[in-house]
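A.B. asks: A predicted structure for the sequence below; I have some questions about it.
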Amino acid sequence: MRRGGIVFGYGSLIFRPDIEFKSREWVRVSDWSRRFYQGSVDHRGVPGAPGRVATLLPQPGSHCWGVAYHVEEAVYGAMLERLDIREVGGYDRRAVTVQRRDGTALQDVLMYLATPDNPGYLGAAPIGAMAAQILRARGPSGENREYLYRLAAALRAEALEDPHVFGLEQAVRDLEG
Ligand code: SIN
């Protein structure tokens with residue numbers, strides 16, 4: 001039996017985990033796509049001028065790469081309490097199965113998911129509009145574009161694809177000039 005737990009991060013949890021983990025590894029979750037469709041008024045935006053941050057959309061046949069953090073039992077409960085506060089802006093917990101790079105599965109992995117029924121959800125918009133919003137927005141955790149750039153850099157460093165993330169990154173950089 002597993003002691004402790006595993007948390008899957010696909011957004012800020014990749015580059016700013018604030019998790020006391022004993023190990024981490026890149027994994028993919030199947031049938032989900034990462035999208036900058038969640039509004040953020042507590043981290044990368046403010047009320048009235050939300051930023052855009054990542055959530056996952058169900059999409060059969062697709063997959064999303066992220067990081068699985070293996071956490072010891074002794075610190076797991078306190079870590080969940082901290083993450084519940086951090087992800088309070090629309091994110092719910094969900095247990096999923098993920099695949100490691102060698103193809104083996106990890107079961108009962110926790111992820112935070114912002115679904116379309118939460119009040120902060122923004123959904124799809126033309127890429128230029130999303131890029132302009134990301135370029136403008138900033139909040140208590142910093143600039144919205146920094147979130148996007150750091151996520152893109154982390155994926156690129158692992159040679160992992162995500163057309164939505166890289167397309168948005170390019171669009172924001174183009175607007176920056
Ligand atoms: C995550 O990183 O897994 C959750 C979304 C976020 O906080 O960016």
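C.D. replies: All right, it came through fine. Numbers count the residues shown, from 1 in each chain.

A.B. asks: is it true that residue 98 touches residue 26?
C.D. replies: No - contact between residue 98 and residue 26 fails when scored by CB atoms under 8 Å: they sit 9.9 Å apart. From N, CA and C alone the C-beta is placed, and that goes for glycine too.

A.B. asks: Looking at the two, which is more packed in?
C.D. replies: Shown here are residue 98 and residue 26; by other CB atoms under 10 Å, residue 98 has more neighbours (25 against 16).

A.B. asks: With adjacent residues omitted, what lies nearest to whatever residue of the chain ends up closest to the ligand?
C.D. replies: The nearest approach of the chain to the ligand comes at residue 11, 2.3 Å away (CB to the nearest ligand atom). Distances taken as CB to CB, 6 or more residues apart in numbering place residue 54 nearest to residue 11, at 3.5 Å, with adjacent residues excluded.

A.B. asks: right, is the helix or strand containing residue 109 up against the ligand?
C.D. replies: Using DSSP states H and E, residue 109 sits within strand 105-114. Yes - interface with the ligand: strand 105-114 contributes residue 112 (CB under 6 Å from any ligand atom).

A.B. asks: That strand pairs with which strands, parallel or anti?
C.D. replies: Paired with strand 105-114 in the same sheet, following DSSP bridges, are strand 5-9 (parallel), strand 91-100 (antiparallel).

A.B. asks: Could you export the ones you listed as TSV, including distance to the ligand and mean pLDDT?
C.D. replies: Converted to TSV, these look like this (distance: least, CB to the nearest ligand atom, whole Å; pLDDT from 0 to 100):
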stretch	distance to the ligand	mean pLDDT
strand 5-9	4	97
strand 91-100	6	95
